[in-house]
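*Asks:* When you get a sec, could you give me coordinates for this:
(one chain, ligands or ions: 1)
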Amino acid sequence: MSTSYYLTTPIYYVNDKPHIGHAYTTLACDVLARFKRLDGYDVMFLTGTDEHGQKVQKSAEEKGIDPKAFTDQVSQNFRDLTATLNFTNDDFIRTTEDRHYAACQKLWAKLIENGDIYLDSYKGWYAVRDEAFYAESEITDGKAPTGAPVEWVEEPSYFFRLSAFQDRLLAFYDANPDFVAPKSRFNEVKSFVKGGLMDLSVSRASFSWGVPVPGDDAHVMYVWLDALTNYMTAAGYGQDGGESEYAKRWPADLHMVGKDILRFHAVYWPAFLMAAELPTPKRVFAHGWWTNEGQKISKSLGNVIDPVEIANTYGLDQMRYFLLREVPFGNDGDFSHTAMVHRMNGDLANDLGNLSQRVLSMIFKNCDGVMPTRPAQLTEADAPILAALDGLLEGQRKHYDSQMFHEALKEIWEVVSAANRYVDDMAPWALRKTDIDRMKDVLWVLAEILRQVAILIQPVMPEASQNMLDQLGVAADERGFDQLGGATRLSGGWTLE
Ligand code: MSP
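*Replies:* Down below sits the predicted model:
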């Protein structure tokens, strides 16, 4: 039986249209999900929409639509985006689904049973934009540290005994040094927790757009408690007959999130789970934020980037490649048309496109369109490049497991560049006149390089890689990672299309 790998995107607020930031988080998960599937894992890749809370309710009110009808509409935009951008999520969860209510209420009951939730009243600041509570000391000029406007809230509220979890969280972080990445972000989380934790308000009583608190109709659950629980809902928690799925999927292997929502995932979420005596997720990766031509992306500046527009302008695979190659994953990045065009012309057209074009057209012209067969004997000139090629997979696994997508791509492109140099050094066009057999061997080496490279770039560029593999004549069931690293070789002998 293959090993389970469960990874999640944050669930997106349905207050607005999807933009490049949303696409980025899901893209990162999509390439990882595809990589793991090709590497033989039983993958579950989850995304979805976060539909409750004041922010969504307000957006619905502004549009004069009832929140359920509004969330149906906007959630559909996110679902459509997953198809448009070729995302391969296995499930799409909406927090307004019955299965999710069941999971939230089960978790709540467990927290009550264990004595970690009590009724009191909340008096303090709340930022609807962040759906977060802030302490007086964090507020400057009526704004939260994130720049979000805050409002004063006074209402009865249930509280979660977060203060009781400081030591357990710190011990947990010590015992799990890879729980949060990048390291610098993990350090921020640790110092936040070391600074002391206050009990957290986990219900709201002044509006009703949320999951009802079991046994107290006056309250709905705080939207973040509701939202975080989605990861367990989709894994079968609280579902009739969901036990075996839950046993297989939980705890999640990876929660991918943006840096702005790390605290919820790395502090509150493990604390809730510890309190409920449930296993904690294995890892949380906090990626950076994109700016647009150097400027912060915001609706008010009117510079929101529409991922569908970018994909239409430059091509979907090109966009996918750019977003993951341009910026070290975890850092902030700037989207500019110049940078996009530069990557496309350089890495994609000149390096990979050119290599594949040259090799295929030489085979076509000089080998009567027949793929050369595997040489009986290779020369010393062929050994280093094939060794580099065969060695790629190990590095790819390491980089994907640490979410260093840019490093993974960089290493593949080093082999692509070496292959372009190999073409120049071997000069197959000259061999055509002097040593036709050697020319065929050289072209075979190059085709083998293209085959493995195309297999390896499938997660990032699913369409382009498929075209390459089709052109090379590689069968559809011979494109998994078990075909890499010298385990099998291009056999050749077939006529190219
Ligand atoms: N609903 C919450 C998440 C709940 S998860 C249990 C939420 N939603 S969101 O729609 O506001 O944001 C979702 C993700 O988009 C976050 O990971 C956020 O970091 C990401 N991005 C939003 N703008 C972004 C950029 N400009 N650049 C990169 N990612 C950005 O938060």
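
*Asks:* drop to CA atoms for contacts and neighbour counts, all remaining ones
*Replies:* Fine.

*Asks:* check whether the worst-scoring helix or strand of the chain on mean pLDDT contacts the ligand.
*Replies:* Scoring the helices and strands of the chain by mean pLDDT, DSSP states H and E places strand 295-296 at the bottom, with a mean of 90. No - using CA under 6 Å from any ligand atom, strand 295-296 stays clear of the ligand, coming no nearer than 7.2 Å.

*Asks:* hmm, who's touching that strand?
*Replies:* residue 290 (CA atoms under 8 Å, 6 or more residues apart in numbering).

*Asks:* do the next helix or strand after it and the ligand meet at all?
*Replies:* Sequence-wise, the next helix or strand downstream of strand 295-296 (DSSP states H and E) is helix 307-314. No - Helix 307-314 stays out of contact with the ligand when judged by CA under 6 Å from any ligand atom, the minimum separation being 11.6 Å.

*Asks:* to the chain's geometric centre, what's the distance from helix 307-314?
*Replies:* 19 Å (CA atoms, centre = their mean, to the nearest Å).

*Asks:* Now it - C-alpha only, CSV.
*Replies:* C-alpha atoms of helix 307-314 as CSV (Å, rounded to 0.1, in the frame of the first residue of the first chain):
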residue,chain,number,x,y,z
PRO,A,307,-4.0,35.0,-12.5
VAL,A,308,-6.3,34.1,-15.4
GLU,A,309,-5.2,37.2,-17.2
ILE,A,310,-1.5,36.4,-16.7
ALA,A,311,-2.1,32.8,-17.9
ASN,A,312,-3.9,34.0,-21.0
THR,A,313,-1.2,36.5,-21.8
TYR,A,314,1.9,34.3,-21.2
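
*Asks:* Excluding chain neighbours, what is closest to residue 374?
*Replies:* Spatial nearest neighbour of residue 374, excluding adjacent residues (CA to CA, 6 or more residues apart in numbering): residue 491 at 5.3 Å.

*Asks:* To clarify, my last question referred to residue 325.
*Replies:* Distances taken as CA to CA, 6+ apart place residue 406 nearest to residue 325, at 4.6 Å, with adjacent residues excluded.

*Asks:* I'd guess that neighbour is in a strand, am I close?
*Replies:* No - under the criterion used here (DSSP: H, G, I helix; E, B strand; the rest coil), residue 406 is helix, not part of a strand.

*Asks:* Model confidence score at it, please.
*Replies:* pLDDT, the model's per-residue confidence, is 98 for residue 406.

*Asks:* what does residue 377 give?
*Replies:* 89.

*Asks:* Assign it to one of the three secondary structure states.
*Replies:* Reduced to three states by three-state DSSP, residue 377 is coil.

*Asks:* In contact with residue 61, which residues are there?
*Replies:* residue 67.

*Asks:* What distance do you get for it to the ligand?
*Replies:* 18 Å (CA to the nearest ligand atom, to the nearest Å).

*Asks:* Quick check: which element contains that residue?
*Replies:* helix 54-63.

*Asks:* after that helix comes which helix or strand?
*Replies:* Beyond helix 54-63 on the C-terminal side, the first helix or strand identified by DSSP H and E is helix 67-84.

*Asks:* List the buried residues for that next one?
*Replies:* For helix 67-84, burial by neighbour count (16 or more other CA atoms under 10 Å) applies to 67, 70-71, 74-75, 78-79, 81-82.

*Asks:* And for it, what's in contact with it?
*Replies:* 14-18, 48-49, 51, 56-57, 60-61, 88-89, 92, 94, 209, 308.

*Asks:* filter those to the buried ones?
*Replies:* 14-15, 18, 48-49, 51, 56-57, 60, 88-89, 92, 94, 209, 308.

*Asks:* so which one among those has the lowest pLDDT?
*Replies:* residue 15 (82).

*Asks:* circling back to that earlier point, may I have the strands that pair with the least confident helix or strand of the chain, each with its orientation?
*Replies:* When pairing is defined by DSSP bridges, strand 295-296 lines up against strand 290-292 (antiparallel).

*Asks:* tell me how far the strand it pairs with is from the chain's mean position?
*Replies:* A distance of 18 Å separates the centroid of the chain from that of strand 290-292, by CA atoms, centre = their mean.

*Asks:* Tell me if it is near the ligand.
*Replies:* Yes - using CA under 6 Å from any ligand atom, strand 290-292 reaches the ligand at 290-291.

*Asks:* For that strand, what does the pLDDT average out to?
*Replies:* 94.

*Asks:* Kindly provide the distance from the residue nearest to residue 374 to the ligand.
*Replies:* Taking CA to the nearest ligand atom, one finds residue 491 at 44 Å from the ligand.

*Asks:* Number of residues surrounding that residue?
*Replies:* 14 (other CA atoms under 10 Å).

*Asks:* which SSE is it in?
*Replies:* Going by DSSP H and E, residue 491 is not in any helix or strand.

*Asks:* isn't it right up against residue 373?
*Replies:* Yes - look at residue 491 against residue 373 with CA atoms under 8 Å: they come within range, at 5.6 Å.

*Asks:* wait, doesn't the residue nearest to residue 325 sit right on residue 330?
*Replies:* No - Residue 406 is beyond contact range of residue 330, at 10.2 Å (criterion: CA under 8 Å).

*Asks:* Tell me if residue 395 really is in a strand.
*Replies:* No - assessed with three-state DSSP, residue 395 is helix; it does not lie in a strand.

*Asks:* Skipping its backbone neighbours, what lies nearest it in space?
*Replies:* Per CA to CA, 6+ apart, closest to residue 395 is residue 408, 7.1 Å.

*Asks:* so residue 145, which of the three states?
*Replies:* Here residue 145 is recorded as coil under three-state DSSP.

*Asks:* What about it, how many residues nearby?
*Replies:* Residue 145 has 11 nearby residues by other CA under 10 Å.

*Asks:* I figured it was touching residue 137, is that so?
*Replies:* No - in this structure, residue 145 is not within contact of residue 137 by CA under 8 Å, at 10.1 Å.
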